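**Q** need the 3D shape of this:
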Amino acid sequence: MKKAGVIFFVIALLATLHGLIARSDQQQADVQSETTHQVSEAVGTFFHYTGFANFTAGHGIMIAVGLLFIFLAIKYEYEPLLLVPIGTGIIIGNIPFQAGAGLQIGIYEPGSVLNYLYYGVVKGIYPPLIFLGIGAMTDFSSLISNPRLMLLGAAAQLGIFTTFLGALILGFHPAEAGAIGIIGGADGPTAIFLASRLANGVREIGQTVGGDPVYARNLIGPIAIAAYSYMALVPVIQPPIMRLLTTRRERLMRMKPPRAVSRTEKMLFPIVGLILTTFISPSALPLLGMLFFGNLLKESGVTKRLAETSRTALIDIVTIILGLTVGASTQADVFLTPQSVMIFALGAFAFGVSTAGGVLFAKVMNLFLKPEDRINPLIGAAGVSAVPDSARVAQLEGLREDPSNHLLMHAMAPNVAGVIGSAVVAGLLLSFLG
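**A** Sure, this is the predicted structure:
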């Protein structure tokens, strides 16, 4: 009887231990299953927030464009100070992320760092600072010595008006068409300044039949990228047009050396220029005021530190931020639209017309000038305000025909006149369309 009780006790103990072990194994399996589920869920959540999960063909296209800009800047040195920041910005702006997740990283997300930096583009803060630096590094001597060359800078703005009409024909609102047309001036800061006023996606431009307000589309990115792209491609776009519209005899034409300009003339020019141009176009005051102020810092001779800062550190810092944010604003969903394609096509047309306008007007001027005062038509192409690249193109085209014919100093006159001219036109467009 005792043996039976002991055996029963041992059997019960073993059964209890087996149950405990089985329960422990089941709990361990449940814990492992729960852990595996949690890990799988965490991996899924992690992947959901990566760029791989949110990647689209549009992102791939824009990243390829950014890489192309960087390649052109490094391989061929096409405006590297502009294309490297813009190309990098395009890549940054098209890194895919989960929209609406409150991460505050996109350039259009309020509170993000890029959005704060982009504020300077939307409100037109950066372009006047760029003009300050341009004024501090520009020598207007060639223009002062031969004022008639200012007419070439005016003639080269023809592309702005023809492109404005073209944009209207394609269905753009007049305000948007004005912002697109300024691409023809080949001046990136001016294009951004006008686009920020007329086509920033915030400004009300009209009302529908039902009375609801209609707002301008956000075209700053396409307009800025088009303007800077064609500025960088000046050595590619302009030479064929210049050769087509001139004869070899005209390209060989020599111009008499410019006269020496006194220091007094150099100091008076920015003051007189500021008053005269802003009286004609007050809306261009932010650009022209800073341009002539920077030049006065340079020519006064008593503010060398300020002039040096303006033309080096300041303009470099602003160029970095401007290029990066303009590039980042080209998010695929905003940039890859039919309107962007039309803007690039119109921009190419504008640039070609502006180049042709300067060259042809130089030929017209020669009809009324004495033989010794005639102008080499090649410098008419420098009337677009891509400083100093278009002037260098005129110099290289002249040297190509005659290695001893230096046109750079002559070409700088319409070149800097083009900067003033495009800013004046921008102010006039803003006055009528703003």
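**Q** how close does residue 388 get to residue 63?
**A** In this view, residue 388 and residue 63 are 32 Å apart by Cβ to Cβ, to the nearest Å. Glycine gets a C-beta too; all of them are placed from N, C-alpha and C.
**Q** how about residue 359?
**A** On the measure of Cβ to Cβ, residue 359 and residue 63 end up 38 Å apart.
**Q** over to residue 129?
**A** Distance of residue 129 to residue 63, given as Cβ to Cβ: 29 Å.
**Q** any weak-confidence spans in the stretch 51-200 of the chain?
**A** Low-confidence segments of the stretch 51-200 of the chain (pLDDT under 70): 100-102.
**Q** how about the helices of it, start to end?
**A** In the stretch 51-200 of the chain, the helices defined using DSSP state H, counting those that start in this stretch lie at 51-54, 57-75, 80-93, 113-122, 126-137, 141-145, 150-155, 158-169, 174-181, 188-198.
**Q** helices or strands up against the third one?
**A** The reference is to helix 80-93. helix 57-75, helix 220-232, helix 315-328 (3 or more Cβ pairs under 8 Å, 6 or more residues apart in numbering; DSSP states H and E).
**Q** quick one: closest of the ones you listed to residue 184.
**A** helix 220-232 (9.2 Å; Cβ to Cβ).
**Q** for the following helix or strand past the closest one, name the packing helices and strands.
**A** Next along the chain after helix 220-232, taking DSSP states H and E as the criterion, comes helix 234-245. With contacts taken as 3+ Cβ pairs under 8 Å, 6+ apart, helix 234-245 sits against helix 338-366, helix 389-401.
**Q** buried sites along helix 234-245?
**A** Neighbour-count burial for helix 234-245, counted by 16 or more other Cβ atoms under 10 Å, picks out 234-235, 237-239, 241-243, 245.
**Q** then stretch 255-266?
**A** 255, 258, 261, 266.
**Q** so which residues make contact with it?
**A** Contacts to stretch 255-266, defined as Cβ atoms under 8 Å, 6 or more residues apart in numbering, come from residues 140-142, 144-146, 299, 301, 372-376, 379, 407, 409-410, 413.
**Q** average pLDDT across it?
**A** Mean pLDDT, stretch 255-266: 92.
**Q** now the terminal residues of that stretch, how far apart.
**A** Stretch 255-266 has an end-to-end distance of 22 Å (Cα to Cα, to the nearest Å).
**Q** coming back round to it: nearest to residue 286, of the helices and strands packed on helix 80-93?
**A** Closest among these, using Cβ to Cβ: helix 315-328, at 13.8 Å.
**Q** helices or strands up against the closest one?
**A** Secondary elements touching helix 315-328 (3+ Cβ pairs under 8 Å, 6+ apart): helix 80-93, helix 113-122, helix 126-137, helix 188-198, helix 220-232.
**Q** next helix or strand past it?
**A** Taking DSSP H and E, what comes next after helix 315-328 is helix 332-335.
**Q** how far off centre is that next one?
**A** 16 Å (Cα atoms, centre = their mean, to the nearest Å).
**Q** mind listing what's buried along it?
**A** Buried, per 16+ other Cβ under 10 Å, within helix 332-335: 332, 334-335.
**Q** quick one on the thing from earlier: just the helices and strands packed on helix 315-328: most buried one?
**A** Neighbour counts (mean count of other Cβ atoms under 10 Å) averaged over each of these peak at helix 188-198, with a mean of 28.
**Q** hey, what's the angle from it to helix 174-181? Just curious.
**A** Relative orientation of helix 188-198 versus helix 174-181 (axes from the mean of the first three to the mean of the last three Cα atoms, to 10 degrees): 170 degrees.
**Q** centre of the chain to helix 188-198, how far?
**A** With Cα atoms, centre = their mean, you get 9 Å for helix 188-198.
**Q** done for today, thanks.
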